[in-house]
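Undergrad: dropping the sequence and predicted coords here.
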Amino acid sequence: MKRKKILYIGNALSHKGATVTSVETLGVFLRKEGYDVVVSSSLQNKIMRMLDMIKTVVSHRNQARTVLIDTYSTTNFWYGIIIGYWCRLLKLNYVPILRGGNLPYRLKKNPKTSKQFFENATYNIVPSQYLLHHFKDEGYINLKYIPNTIETTKYPFVERTEVVPNLLWVRSFARLYNPIMAVKVLEELQKKYPKVKLTMVGPRKDDSFDECVAYSKAKNLNINFTGKLSKTQWIALGKSHDIFISTTDFDNTPISVIEAMALGLPVVSTDVGGMPFLINNNVDGLLTPAKDVIQFTKRVISLIEDPSLVHKVSKNGRAKAESFDWNQVKTLWKDVLD
């Protein structure tokens with residue numbers, strides 16, 4: 001018997017220059033498992049995108065088995081709230097997938113709205129132990145832990161035994177990801193390692209990109225701003241870099257960090273949101289306080305000067321990434337969708 005449609009509501013904007021989001025990757029994985037997945041929306045204008053999402057839910061209301069809703073914590077949080085309202089109105093099962101690293105803040109800032117949305121969901125899919133902890137603390141019980149996923153066979157592992165100061169940063173240029181901190185870390189490293197290099201990969205989301213470029217030029221820093229790259233392109237870059245850095249102020253369980261670990265790149269990250277739940281400090285990655293350029297720089301230097309630490313973090317990081325492989329995660333999705 002043919003499975004009913006799954007509607008997947010999220011921001012499918014990679015063709016418009018944005019980074020690839022989970023609605024585009026998980027949607028592909030589910031189709032490969034035989035599910036009939038309808039994705040919405042790929043419209044760039046926010047109002048038109050919202051209307052397209054509503055239209056998709058209404059037009060497929062008789063064929064849809066489940067509505068998956070990527071749920072973020074900034075402005076796009078309201079997409080989830082509105083789609084959840086329409087699902088309840090049309091008596092459709094809906095399943096929020098908790099993507100936003102700052103959702104615990106939303107639970108406290110918008111308690112009534114959050115309660116109505118999350119409590120009436122069939123399940124809330126929690127991709128990180130961090131959010132699972134916070135939602136349980138707020139009394140939610142309809143939670144299912146399903147981590148973000150990758151296909152590790154697509155990430156060639158290079159076991160590092162020593163590194164040079166050749167850094168890689170991959171994220172959208174948005175203030176919540178604090179890209180200027182990466183630039184300032186490079187500035188500090190340059191005092192000790194004059195040949196240090198940094199590659200920053202990702203599309204422009206706000207004026208933080210211009211800030212980074214201007215600061216880099218003013219300080220004569222060796223930074224390559226590549227813009228958005230395809231997954232294949234940035235994975236290839238990973239082979240020629242030595243350390244992956246994540247300078248974000250808010251986060252959940254970012255795929256880019258899991259991908260870096262799969263490639264064998266030792267990761268240095270701020271210890272915000274879900275990062276301490278993803279990275280075991282000094283075992284499969286290194287953690288450092290948010291916004292602290294000096295401490296972050298010291299953590300990078302510790303890798304450069306300690307080959308045994310590099311080897312341990314590289315090897316253990318790959319093992320951690322393999323726990324997120326689709327072949328392990330897909331059974332959890334089948335339990336929810338079937």
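TA: Perfect, thanks for sending it. Numbers count the residues shown, from 1 in each chain.
Undergrad: can you pull the domain assignment for this structure?
TA: What automatic domain parsing lists as the domains of the chain is 5-147+326-337, 152-322.
Undergrad: a markdown table please, covering these and showing mean pLDDT and mean neighbour count.
TA: Any C-beta I mention is one placed from the backbone N, CA and C, and that applies to glycine too. A markdown table is the format used below for the domains of the chain (pLDDT from 0 to 100; neighbours: other Cβ atoms under 10 Å):
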| stretch | mean pLDDT | mean neighbour count |
| --- | --- | --- |
| domain 5-147+326-337 | 93 | 18 |
| domain 152-322 | 96 | 19 |
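Undergrad: could you double-check that residue 213 sits in contact with residue 221?
TA: No. Using Cβ atoms under 8 Å, residue 213 makes no contact with residue 221, being 10.2 Å away.
Undergrad: quick one: the strands in the stretch 151-300 of the chain?
TA: For the stretch 151-300 of the chain, applying DSSP state E, counting those that start in this stretch gives strands covering 166-170, 197-201, 223-227, 243-246, 267-270, 286-288.
Undergrad: quick one: closest of those to residue 111.
TA: strand 267-270 (27.5 Å; Cβ to Cβ).
Undergrad: show me what that closest one is packed against.
TA: Using 3 or more Cβ pairs under 8 Å, 6 or more residues apart in numbering; DSSP states H and E, the elements in contact with strand 267-270 are strand 243-246, helix 255-262, strand 286-288, helix 293-305.
Undergrad: out of the ones you listed, the one nearest residue 274 is which?
TA: helix 255-262 (9.7 Å).
Undergrad: CA atoms of the closest one as CSV?
TA: The C-alpha trace of helix 255-262 is given here as CSV (Å, rounded to 0.1, in the frame of the first residue of the first chain):
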residue,chain,number,x,y,z
ILE,A,255,25.7,19.8,10.8
SER,A,256,28.8,21.7,9.7
VAL,A,257,30.6,20.7,13.0
ILE,A,258,29.6,17.0,12.6
GLU,A,259,30.8,17.1,9.0
ALA,A,260,34.2,18.6,10.1
MET,A,261,34.5,15.8,12.7
ALA,A,262,33.8,13.3,10.0
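Undergrad: then stretch 276-290 to PDB, C-alphas only?
TA: Extracted in PDB, the C-alpha atoms of stretch 276-290 (Å, rounded to 0.1, in the frame of the first residue of the first chain):
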ATOM      1  CA  PRO A 276      28.800  20.800  25.200                       C
ATOM      2  CA  PHE A 277      26.400  18.000  24.500                       C
ATOM      3  CA  LEU A 278      27.900  17.400  21.100                       C
ATOM      4  CA  ILE A 279      31.600  17.800  22.000                       C
ATOM      5  CA  ASN A 280      33.300  16.000  24.800                       C
ATOM      6  CA  ASN A 281      35.900  18.600  25.700                       C
ATOM      7  CA  ASN A 282      39.500  17.500  25.100                       C
ATOM      8  CA  VAL A 283      38.300  14.200  23.800                       C
ATOM      9  CA  ASP A 284      36.600  14.700  20.400                       C
ATOM     10  CA  GLY A 285      36.800  18.500  20.200                       C
ATOM     11  CA  LEU A 286      37.800  21.500  22.200                       C
ATOM     12  CA  LEU A 287      35.400  24.000  23.900                       C
ATOM     13  CA  THR A 288      36.000  27.600  25.000                       C
ATOM     14  CA  PRO A 289      33.800  30.300  26.400                       C
ATOM     15  CA  ALA A 290      31.700  32.400  24.000                       C
END
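Undergrad: and the contacts of that stretch?
TA: For stretch 276-290, the surrounding residues in contact (Cβ atoms under 8 Å, 6 or more residues apart in numbering) are 128-130, 133, 178, 248-249, 253, 257-258, 261, 266-272, 275, 295-296, 298-299, 302-303, 309, 312-313, 316-317, 319-320.
Undergrad: beta-bridge partners for the residue nearest to residue 267 when sequence neighbours are not counted, please?
TA: Excluding the flanking residues, the one nearest residue 267 by Cβ to Cβ, 6 or more residues apart in numbering is residue 285, at 4.1 Å. For residue 285, the beta-bridge partners are residue 281 (DSSP bridges).
Undergrad: and residue 285, how close does it get to residue 268?
TA: 7 Å (Cβ to Cβ, to the nearest Å).
Undergrad: and if you look at residue 99?
TA: Per Cβ to Cβ, residue 99 is found 23 Å from residue 268.
Undergrad: repeat for residue 231
TA: For residue 231, the distance to residue 268 - Cβ to Cβ - is 22 Å.
Undergrad: just residue 35 next, same as before
TA: 38 Å.
Undergrad: now do the phi/psi pair for the nearest residue to residue 323 once chain neighbours are set aside.
TA: Spatial nearest neighbour of residue 323, excluding adjacent residues (Cβ to Cβ, 6+ apart): residue 147 at 7.6 Å. The phi and psi values for residue 147, taken as degrees, to the nearest 10, are phi -70, psi 160.
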